[in-house]
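Chemist: any chance you could fold what I've pasted below:
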Amino acid sequence: MQGGSGGTTAPERRPGTGHEEQSSLHQNGHIVALNGHAPHAAAAALPMPQFTPPASSPAPMDTPMDTPTSSTTVLREQWEGKHEFLLSCIGYCVGLGNVWRFPYLCYRNGGGVFLIPYFLMLFVTGVPLFLMELSLGQYGSAGPITVWKCCPLLKGIGIGMLCVSVLVCLYYNVIIAWTFYYLGSSLQSPLPWSCDHVDNAAICGNASAANGSSDPLSPTEIFWNERVLGVVHSEGLHDPGPVRWQLALCLLAAWIIIFLCMMKGIRSSGKVVYVTATFPYLVLVVLVIRGATLEGSLQGVAFYLTPDWGRLANAQVWNDAASQIFYSLGIGVGGLLSMASYNKFDNNVIRDTIIITMGNCATSFFAGFAIFSVLGHMAWRKGVAVQEVADSGPGLAFVAYPEALALLPGSVFWSILFFIMLFMLGVDTLGGIYWFTLIDSFSTSFGLIIITLFMCLGISFFYGVNQFCQDIVDMIPLCPPWCRRLLLYFKACWVFCTPFLLLFILTYIFIEMYNTSLHYGAYVYPRWGKALGVCMGATCCLQIPIWALVALCRETGTLRDRFQKSIRPLNCWRENYLNSVGRVQEAEPERVEAPFTVTLTDMDFTAMTWERGSEA
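Modeler: Numbering: from 1, shown residues only. The predicted model follows:
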C-alpha cells in the first residue's frame, strides 16, 4: 500500500505505551519514529533494509546543498566513566545546601520537627522529581531548554529553570566569597574570632552586644556581623551603605575560579570531583567528633532530634522543607538535566537516583549534628536556651562552625581545611545580607515549586507517564525486577502524590504569605521589599505561559489543532534511542530541528499522512 510522498511499506502497528498509538515506517532505508515516540518491539520485528548513500547519483541542479549526515554530526561529550557522573552529582547535590542551609532552616523551624516534613518531601517529591530530571536529560541528551522537544508547549519550563538558576548563582557565589574571606582570616594565629585573640579578651568576659542589647554576643557573632558583613552600619534594604572592597574582591575571585573550572568542559571537571566530592566528609567527621566532646553538646542534639508537634501547623515549616529539598538536590534549576545529558544512553538512572538522594539526605542529617552540638555548647556557655543562642538566619553556619574550629587543637589548620571544604562544596556592600536573605527566601520558594509542578504535570499528562516509564526501561539494559517495581511507585508519585502535595504546599504558602513578615534578626522587611521578592519568583513562573503562547502562535490551524501539535514530541527526540539500538537515522533538513525551534515540520506528522492514506 502506498502512502505519504514516496513509496513506503505499510507499517506494523500496535497499541502505544504512552498517550498515543505508536507506529513506525521504513522510508529509504530509515526508521522514522511517528509522533516522536519510539517504535520499540514493532519496529524491531521488521527487517532492516540496508541504506546505500546516493553518492554516485548526480544531484539535480535545483536540489539543495548536501545536508549533514550522521557521519558529520558533532557528537555530544560524555562522561569517561559512570563513577565520574555519580561523583559529580553527589558533589552537585551535597554542597552548601547540606552544610550551610539545612542546619539554619532546621534551627529556624524548631529543630527536630523540621525533619518530619523534610523526609516526607524527600520521598514524595524529591526522589521522584530527581529521577524525572535525570531521565529526561539522559534520554534526550539535551540541556534544560532543548530537552523540551519532547513537548514543545512546555519549553517555558526550561526558560524558567534558567531564570531560577541565575538567581541562585547570584547569591550562591556570595557564600563562596564569604568562605574566601574566612579562609584568608584563618591564616592568622590565633584565629581572629577565638577568645585567644587579644581583641576578644573583653568580649569573652562579660561583653554585651554592640547595638546596646543586654544579650551577650560571642566573638564569632561579632566577627560575622561587624568584620565580615558590617551589617551594624546598615539600616536595611534602603540603606546598602558603601562597598566592602574585601568582600567585593572575594566575590570577583569566586566568579573567576568558577569560570576557570568550567572553561575546559565536562571531562576536566569530571576529574576534579574525585577530590571535591569526598574531601568534605573528612572535615565533617572531625567536626562531629569534636562537637560531641564539648560540654552541653547533648542539649543541642536533643533540640535537633526532639520535634515540636505544634510547628507542623506552620506553613513556613513546609515551605522551607520543600525549598530545601529542591535546593539541596538541585531540582528545578536545570543542573541535573545538563549533567545527565552527558551520560551514556544505557546508564541506570534509577540506581543513580537512589544512591545520590540517599547520600544527600544522610549528609544533611549528619551535618546537623555538627551544628547543633556546637549550638548546645554555646548555649551552655551563655546560660540560655538553644533556640536563643544565635540568630536563625543564613549566617548561622558562619557562627557555629567557626566556634567549633576555634576550640580544636591546631585550630588554624582545621579552619583552613574547613573553609577550603566550603569552597569545594560550593555581598559586596554593608547591607548586602538583607538582599541576600531576600533572594534566598524567594528564589527557591514558590517559583521553584511552580516550575517543578508544571514539569511533573507536563510529563505525566502531555507526554504520557506510561511512555515516560517505557523510556526509562529502554535506557536500562536487562532492567532488573526491583527497578520495575520502583517505577510503579514513581509512576504513582508523578501522577497523584507529587502534584497534590506541591499544590497543597503552594496553597498554604500563598495564604500565609500575606500574614507573616520576612525578617533578618531584628530587622523586618518593608512591604516593598517583600513585593520585590515575590516579583523575583513570579518572573521565573511567567516564562511558562509566555513560551506556551509562543509555541501555539507558531503552529497553524484551530486552537485545538495548535495545542495538539505543540504537545507532540519532535522526531529528533528519539535520535538518542535510535542510535543506541544501532538504527541509522539520516539527518534531513526538513526533519532536524534547530536547538531552540518549537514549530513542528511536515515530517513530524507522517503518522497523520499514513492514517489518511490507509483510509483511502
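Chemist: which residues of the stretch 251-400 of the chain fall in helices?
Modeler: 266-276, 279-292, 297-305, 315-329, 335-340, 349-382, 397-406 (DSSP state H, counting those that start in this stretch).
Chemist: residue 449: which of those helices is closest?
Modeler: Across these, residue 449 has its closest neighbour in helix 315-329 (6.0 Å, C-beta to C-beta). Every C-beta, even on glycine, is put in place using the N, C-alpha and C of the backbone.
Chemist: quick one on the thing from earlier: output the helices of the stretch 251-400 of the chain as JSON lines; include the columns distance to residue 512.
Modeler: Shown next, in JSON lines, are the helices of the stretch 251-400 of the chain (distance: least, C-beta to C-beta, whole Å):
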{"stretch": "helix 266-276", "distance to residue 512": "38"}
{"stretch": "helix 279-292", "distance to residue 512": "34"}
{"stretch": "helix 297-305", "distance to residue 512": "24"}
{"stretch": "helix 315-329", "distance to residue 512": "4"}
{"stretch": "helix 335-340", "distance to residue 512": "29"}
{"stretch": "helix 349-382", "distance to residue 512": "24"}
{"stretch": "helix 397-406", "distance to residue 512": "26"}
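Chemist: tell me which of those helices lies nearest to residue 76.
Modeler: helix 266-276 (9.4 Å).
Chemist: follow-up on the earlier one: just the helices of the stretch 251-400 of the chain: most buried one?
Modeler: helix 397-406 (a mean of 26; mean count of other C-beta atoms under 10 Å).
Chemist: just checking, residue 325 touches residue 123?
Modeler: No. Residue 325 is not in contact with residue 123 according to C-beta atoms under 8 Å; the separation is 9.8 Å.
Chemist: related to what we said a few turns ago, adding mean pLDDT and distance to residue 550, write the helices of the stretch 251-400 of the chain out as a markdown table.
Modeler: Putting the helices of the stretch 251-400 of the chain into a markdown table (pLDDT from 0 to 100; distance: least, C-beta to C-beta, whole Å) gives the following:
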| stretch | mean pLDDT | distance to residue 550 |
| --- | --- | --- |
| helix 266-276 | 60 | 30 |
| helix 279-292 | 82 | 43 |
| helix 297-305 | 86 | 48 |
| helix 315-329 | 82 | 26 |
| helix 335-340 | 88 | 21 |
| helix 349-382 | 86 | 31 |
| helix 397-406 | 68 | 42 |
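Chemist: among these, which comes closest to residue 513?
Modeler: Across the helices of the stretch 251-400 of the chain, closest to residue 513 is helix 315-329 (C-beta to C-beta), at 8.4 Å.
Chemist: any low-confidence regions in the stretch 451-600 of the chain?
Modeler: Counting by pLDDT under 70, the stretch 451-600 of the chain contains low-confidence ranges at 514, 516-517, 519-523, 580-600.
Chemist: so where do the helices sit in it?
Modeler: Counting by DSSP H, counting those that start in this stretch, the stretch 451-600 of the chain has helices at residues 465-475, 481-492, 498-513, 527-553, 559-566, 575-580.
Chemist: can you tell which of those helices is closest to residue 153?
Modeler: Among the helices of the stretch 451-600 of the chain, if distance is taken as C-beta to C-beta, the winner is helix 559-566, at 4.0 Å.
Chemist: list the buried residues for the closest one?
Modeler: 562-563, 565-566 (16 or more other C-beta atoms under 10 Å).
Chemist: state the pair within those that is farthest apart.
Modeler: Using C-beta to C-beta, the pair of these lying farthest apart is 563 and 565, separated by 7.3 Å.
Chemist: returning to that earlier point: out of the helices of the stretch 251-400 of the chain, which comes closest to residue 475?
Modeler: It's helix 349-382; of these, that one is closest to residue 475 (C-beta to C-beta) at 6.5 Å.
Chemist: next, the angle from the closest one to helix 481-492.
Modeler: Counting by axes from the mean of the first three to the mean of the last three C-alpha atoms, to 10 degrees, helix 349-382 lies at 70 degrees to helix 481-492.
Chemist: tell me the phi and psi of residue 569?
Modeler: phi -70, psi 150 (degrees, to the nearest 10).
Chemist: same deal with residue 333?
Modeler: The phi and psi values for residue 333, taken as degrees, to the nearest 10, are phi -110, psi 0.
Chemist: neighbours of it, just the number please.
Modeler: 29 (other C-beta atoms under 10 Å).
Chemist: list the residues that contact it.
Modeler: Counting by C-beta atoms under 8 Å, 6 or more residues apart in numbering, residue 333 touches 161, 164-165, 168, 448.
Chemist: just checking, residue 196 touches residue 412?
Modeler: No. Counting by C-beta under 8 Å, residue 196 stays clear of residue 412, with 10.8 Å between them.
Chemist: overlap in contacts of those two?
Modeler: residue 190.
Chemist: ok, these two, which is more surrounded?
Modeler: Using other C-beta under 10 Å as the criterion, residue 196 and residue 412 rank with residue 412 on top: 17 against 13.
Chemist: torsion angles phi and psi at that one?
Modeler: Note on residue 412: backbone dihedrals following degrees, to the nearest 10 are phi -60, psi -40.
Chemist: phi, psi for residue 347 please.
Modeler: Main-chain torsions, residue 347, degrees, to the nearest 10: phi -70, psi 140.
Chemist: next, count neighbours for it.
Modeler: 20.
Chemist: tell me how far it lies from residue 551.
Modeler: Distance of residue 347 to residue 551, given as C-beta to C-beta, to the nearest Å: 30 Å.
Chemist: swap in residue 382?
Modeler: Taking C-beta to C-beta as the measure, residue 382 falls 59 Å from residue 551.
Chemist: what does residue 186 give?
Modeler: On the measure of C-beta to C-beta, residue 186 and residue 551 end up 52 Å apart.
Chemist: residue 112 too?
Modeler: In this view, residue 112 and residue 551 are 46 Å apart by C-beta to C-beta.
Chemist: more neighbours, these two?
Modeler: Higher neighbour count among residue 112 and residue 551: residue 551, with 24 against 20, using other C-beta under 10 Å.
Chemist: correct me, but the more buried one touches residue 157?
Modeler: No. Residue 551 lies out of contact with residue 157 (C-beta under 8 Å); the separation is 11.6 Å.
Chemist: now do the shared contacts for the two.
Modeler: Between them, residue 551 and residue 157 share no contacting residue under C-beta under 8 Å, 6+ apart.
Chemist: residue ranges of the strands in the protein, please?
Modeler: With DSSP state E, the ranges of strands along the chain come out as 13-14, 22-27, 30-33, 519-520, 523-524.
Chemist: and of the buried residues of helix 559-566, the nearest to residue 369?
Modeler: residue 566 (50.0 Å).
Chemist: how about that closest one, nearest residue that isn't a chain neighbour?
Modeler: What sits nearest to residue 566 in space, not counting adjacent residues and going by C-beta to C-beta, 6 or more residues apart in numbering, is residue 153, at 4.0 Å.
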